[in-house]
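Chemist: could you work out the structure for the sequence below:
(2 chains)
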Amino acid sequence: MYEGVIQNLIDELGRLPGVGPKGAQRIAFHLLAADPDDARKLAAALLEVTERVKFCRTCGNVAEADQCRICLDPRRDPSIICVVEEPKDVAAVEKIREYRGRYHVLGGAISPIDGIGPEELRIKELMTRLADGTVTELILATDPNLEGEATATYLARLIKPTGVRVTRPASGLPVGGDLEYADEVTLGRAFEGRRLLDV
Amino acid sequence: MSVRCGTMGNMQLYRDDGVVLRTQKLGEADRIITVLARKTGRVRAVAKGVRRTKSRFGGRLEPFTHVDLMLHQGRSLDVITQAEVIRSYGAPLTADYPRYTVGVAMLETAERFTPEDKEPALRQFLLLVGGLRALAEAGHDPRLVLDAYLLRSLSVAGYAPALEECARCGTSGRLPAFAIPSGGMVCASCRPPGAASPGSGTVSLMGALLRGDWDNADQSDRRHQVECSGLVAAYLQWHLEHSIRSLRHVERV
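Modeler: Here you go, the predicted model:
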């Protein structure tokens, strides 16, 4: 539709997740109209991220060095590991500002229908981390969907013989929601996991 | 084909119940849900906002859930407007990893046997619901439930293996070999090169699973069960002309 470089930029932007042809066109023209310095900064950030970011050799989180800042931080409790599917889940748990343990990123969840089995995930690396006896609790914070639940069950079964305490975050009603709109599955889980209100 | 419930503007609304086979992420917070529905057959529909924690669909549209759906017809994909759970098989299956791997293989097979969108497949639907119920109720070895399901879905699709008479010439004498391309057991003179020679216990087990004779199937020897699973998996994938990816991940208890 457009000539040369503009169409090239629109095509490249259109390959990003969630960006359609119209959105790509809008971003391209925004960049053309904006201060050239802003475009340079964006280009530099894109280059820098591809060149500098790698995966932490211990936990699999995104890092700028061999290890991520959480694995390098001596104040983080090494006896608790929170297992998540993706690096963005680390950021989600960090937002609660209460968890002081470390992480392990699996790189996905077991999904046989997509050809992803346990051997495609970073499970061997997790077992290596448990081998020295430092870890006493593993929090399986995989997504509360079918694949996440199955992955948690698989890991719990695998880890049971090691004697490490395995926990899973509670599932139930979202804060600020209405009970009448809760689905049967979620409400059932909320009732299963009800706790004593000791006031 | 399906129950028409009315119109919303010029959009057709319809209601049907079905089992969720697969979900795929779409955009920021949506999912494409593949459902094997009772009257409509296989449908791919969009569930808008389902990935948000406060979605009104919540956990209703996860695989293994038998749901009552209200949909409106879209230009390419239909859109799910309401969903109520009839029965969820997800919780008992995800709590038992080998059963989960079997269940996923059943869902993938059901999807492969219904390649056309909105072509009614009532017998495949009923077979899947029965299979999931048997799997969730944990009355039988999960791998036997899977093999029974695979054999019967082959049978519904017209590919039941011949076990009593030669698949090529129809003779009912001694049948020493199982030839996948020929369609089942074959006699010595029809036996093609490369055909398998299953034990008689394996062939009886296949027959029992096809008939639903669980007393005999449950008592079968493990080596016959293993051989039966291998033959059924190969037979299924040959006749489907497609591999079932999740079969590779099925765990035997």
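Chemist: just the buried positions in stretch B:54-66, please.
Modeler: Going by neighbour count (16 or more other Cβ atoms under 10 Å in any protein chain shown), the buried part of stretch B:54-66 is B:Ser55, B:Arg56, B:Phe57, B:Gly58, B:Gly59, B:Arg60, B:Leu61, B:Glu62, B:Pro63, B:Phe64, B:Thr65, B:His66. For the C-beta atoms, the positions are set from N, CA and C on the backbone; glycine is no exception.
Chemist: quick check, pLDDT for the nearest residue to the second one once chain neighbours are set aside.
Modeler: Pointing back at B:Arg56 there. Spatial nearest neighbour of B:Arg56, excluding adjacent residues (Cβ to Cβ, 6 or more residues apart in numbering or on different chains): A:Tyr181 at 5.4 Å. Looking at A:Tyr181, its pLDDT stands at 80.
Chemist: surely A:Tyr181 and B:Arg60 touch.
Modeler: No: if you go by Cβ atoms under 8 Å, A:Tyr181 and B:Arg60 don't touch, sitting 11.3 Å apart.
Chemist: next secondary structure after the longest helix seen in chain A?
Modeler: When chain A is parsed with DSSP state H, its longest helix is helix A:36-52. Moving toward the C-terminus from helix A:36-52, the first helix or strand encountered (DSSP states H and E) is strand A:54-55.
Chemist: partner strands of the helix or strand that that following strand is followed by and their direction?
Modeler: Sequence order places strand A:62-63 as the next helix or strand after strand A:54-55, per DSSP H and E. When pairs are called by DSSP bridges, strand A:62-63 turns out to pair with strand A:54-55 (antiparallel).
Chemist: can you give the distance of the strand it pairs with from its chain's centre?
Modeler: In terms of Cα atoms, centre = their mean, to the nearest Å, the centre of strand A:54-55 is found 14 Å from the chain centre.
Chemist: same question, stretch A:41-57
Modeler: Relative to its chain's centre, stretch A:41-57 lies at 18 Å (Cα atoms, centre = their mean).
Chemist: now stretch B:212-221
Modeler: Worked out by Cα atoms, centre = their mean, stretch B:212-221 lies 21 Å from the chain centre.
Chemist: for B:Leu77, give me its contacts.
Modeler: Counting by Cβ atoms under 8 Å, 6 or more residues apart in numbering or on different chains, B:Leu77 makes contact with B:Ile32, B:Arg44, B:Ala45, B:Val46.
Chemist: who's in contact with the residue nearest to the third one when sequence neighbours are not counted?
Modeler: Pointing back at B:Ala45 there. Nearest non-adjacent residue to B:Ala45, counting by Cβ to Cβ, 6+ apart: B:Asp78, 4.1 Å away. B:Asp78 makes contact with B:Val43, B:Arg44, B:Ala45, B:Val46, B:Leu71, B:His72, according to Cβ under 8 Å, 6+ apart.
Chemist: for B:Asp78, phi and psi?
Modeler: The phi and psi torsions at B:Asp78 (degrees, to the nearest 10) take the values phi -80, psi 170.
Chemist: now it: how far from B:Pro198?
Modeler: Distance of B:Asp78 to B:Pro198, computed by Cβ to Cβ, to the nearest Å: 44 Å.
Chemist: where's A:Asp143, which helix or strand?
Modeler: Assigned by DSSP H and E, A:Asp143 falls within no helix or strand.
Chemist: just checking, it touches A:Val83?
Modeler: No: taking contacts as Cβ under 8 Å, A:Asp143 lies outside contact range of A:Val83: 11.5 Å.
Chemist: who are the contact partners of B:Thr114?
Modeler: B:Leu36, B:Gly41, B:Arg42, B:Ala121, B:Gln124.
Chemist: what segments of chain A are helices?
Modeler: Taking DSSP H, the helices of chain A run over residues A:4-14, A:21-33, A:36-52, A:69-72, A:87-94, A:123-130, A:146-159, A:184-192.
Chemist: with the stretch 1-150 of chain B instead?
Modeler: Taking DSSP state H, counting those that start in this stretch as the criterion, the stretch 1-150 of chain B carries its helices at B:90-94, B:97-113, B:122-137, B:142-156.
Chemist: and which of the contacts of B:Thr114 is nearest to B:Arg15?
Modeler: Checking those against B:Arg15 with Cβ to Cβ, the nearest one is B:Gly41 at 14.8 Å.
Chemist: need the pLDDT of that closest one.
Modeler: So, for B:Gly41, pLDDT stands at 96.
Chemist: residues in contact with it?
Modeler: B:Thr114, B:Glu116, B:Asp117, B:Lys118, B:Glu119, B:Pro120, B:Ala121, B:Phe125.
Chemist: just the residues you listed now: which is nearest chain A?
Modeler: Using Cβ to the nearest Cβ, B:Thr114 comes nearest to chain A of the contacts of B:Gly41, at 14.9 Å.
Chemist: for B:Leu13, see how far away that closest one is.
Modeler: Applying Cβ to Cβ, the value for B:Thr114 to B:Leu13 is 23 Å.
Chemist: wait, B:Pro98 sits on B:His249?
Modeler: No: with contacts counted by Cβ under 8 Å, B:Pro98 stays clear of B:His249, the gap being 10.3 Å.
Chemist: so which of these two has more stuff around it?
Modeler: Set side by side, B:Pro98 and B:His249 show more neighbours around B:His249, with 21 against 17, by other Cβ atoms under 10 Å in any protein chain shown.
Chemist: could you find the closest non-adjacent residue to the more buried one?
Modeler: A:Pro112 (3.9 Å).
Chemist: contact residues of chain A facing chain B?
Modeler: Residues of chain A lying close to chain B by Cβ under 8 Å from any Cβ of the partner chain are A:18, A:110, A:112-115, A:117, A:144-146, A:149-150, A:153-154, A:157, A:174, A:176-177, A:181-186, A:188-189.
Chemist: ok, longest strand in the chain?
Modeler: Since you didn't name a chain, this refers to chain A. If you go by DSSP state E, chain A has its longest strand at strand A:77-84.
Chemist: switch to chain B, that's the one I care about
Modeler: Ranked by residue count under DSSP E, the longest strand found in chain B is strand B:11-26.
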